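Colleague: What would the 3D arrangement of this be:
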Amino acid sequence: MDYSEKWGRDTDEAVRLALDDLGLTIDQVEVTVLEEPSRGFFGIGSKLAKVRVEKKKPPKKEEAHKQTRPDLVIPIEEARARDAANREKQAAEGISAEEPRETRREKRPRNGNKRNNRKEHSDHTGSHAKSEVPEVREPIIPTEPEEDLKVIEDHPSINFLKDLIKEMGLEADVTGKMGEEAIYLNIQGKDSGTIIGKRGQTLDAVQYLTSLVVNKDQSKYTRVVVDAENYRAKRERTLEALSYRLANKVVKSRRPVRLEPMNPYERKVIHATLQSHPKVTTRSEGEDPYRRVVIELK
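Modeller: Numbering: from 1, shown residues only. The predicted model follows:
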């Protein structure tokens, strides 16, 4: 692999992760900053830094065409200076908004490499299937039995969500059910995708705010689960597939893989998926909200 694209809370961290992935040093690569980091309010509108780190080619060979717009390419030195200036400005203004929480971007196989794609699929469904992929596993987010839930209509959580969606200028319906331990809220409508946000980041922020409203001045904590278009279950399956693919990569390369920063729920999905894997183990490192999962050989 001659290049790696990585996300990080700043450009330096993203570059370090890419260098670890390539096994190269900074003087052996060329760095292109694709996206600069920015903060948001409770994760809404925030984003990490993204860089493309590419192995330097011999001078005589023509450089491969990069799939980036020249007007978006930012020199690494300039990006670092902007990062430092932004941090100083935010510290002076006392900004304490929640940092973004994103996962590693799943790389899709190219259409031209069908033979390798079939071989990789065989690795997942063939010899490793019985030992690595459990046939049945309970969902990471516990859900109370449907028969134990009652429909709620006039509830602070529903009223808050409806007002929030309206203030965001979006159109969506909110329905809810309540159990003994949790409230389950579902958002549906033409703007549900916007409410979900990039990798569920906006949905997580909405869930957090709703939980604050529900548990304000309450002696007993009530868990709040906000979902939209069954996104939570779909995301869980995506993370499971990503876990197995990266586990195979670790086994083949015999090198650990560090994922992008994740929220506690997504880290729990990775840990639970690979806990019975015969060849790899998982651990978490760093501090929230930049805590990440590391997959490595046992």
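Colleague: mind checking pLDDT for residue 162?
Modeller: We have a pLDDT of 92 for residue 162.
Colleague: Could you look up the next helix or strand downstream of the helix or strand where it lies?
Modeller: Per DSSP states H and E: residue 162 is located in helix 156-167. Going down the chain from helix 156-167, the next helix or strand is strand 173-178, by DSSP H and E.
Colleague: can you pull the buried residues of that following strand?
Modeller: Residues of strand 173-178 classed as buried by neighbour count (16 or more other CB atoms under 10 Å): 174, 176-178. (Each C-beta comes from the backbone N, C-alpha and C, glycine too.)
Colleague: quick check, nearest of those to residue 250?
Modeller: Nearest to residue 250 among the buried residues of strand 173-178, counting by CB to CB, is residue 177 at 40.1 Å.
Colleague: Packing partners of the helix holding residue 162?
Modeller: Under the contact criterion of 3 or more CB pairs under 8 Å, 6 or more residues apart in numbering; DSSP states H and E, helix 156-167 touches strand 173-178, strand 182-188, helix 201-215.
Colleague: closest one to residue 36 among those?
Modeller: Residue 36 lies closest to helix 201-215 among the helices and strands packed on helix 156-167, at 17.2 Å (CB to CB).
Colleague: Just the C-alpha atoms of the closest one, please, in CSV.
Modeller: Extracted in CSV, the C-alpha atoms of helix 201-215 (Å, rounded to 0.1, in the frame of the first residue of the first chain):
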residue,chain,number,x,y,z
GLN,A,201,-22.8,11.9,15.2
THR,A,202,-25.8,14.2,15.2
LEU,A,203,-28.1,11.4,16.4
ASP,A,204,-25.7,10.8,19.3
ALA,A,205,-25.8,14.5,20.2
VAL,A,206,-29.6,14.6,20.0
GLN,A,207,-29.8,11.5,22.2
TYR,A,208,-27.4,13.1,24.8
LEU,A,209,-29.4,16.3,25.0
THR,A,210,-32.7,14.3,25.3
SER,A,211,-31.2,12.3,28.1
LEU,A,212,-30.3,15.5,30.0
VAL,A,213,-33.9,16.7,29.7
VAL,A,214,-35.4,13.4,30.8
ASN,A,215,-33.1,13.0,33.8
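Colleague: can you give me the angle it makes with strand 182-188?
Modeller: 140 degrees (axes from the mean of the first three to the mean of the last three CA atoms, to 10 degrees).
Colleague: Between helix 156-167 and helix 201-215, find me the angle.
Modeller: Using the same axes, to 10 degrees, the direction of helix 201-215 lies 140 degrees away from that of helix 156-167.
Colleague: Name the next helix or strand downstream of the one helix or strand in the chain whose mean pLDDT sits lowest, please.
Modeller: Lowest by mean pLDDT, DSSP states H and E among the helices and strands of the chain is helix 129-132, with a mean of 41. Counting by DSSP H and E, the element after helix 129-132 in chain order, helix or strand, is strand 150-152.
Colleague: what is the rounded mean pLDDT of that next one?
Modeller: 89.
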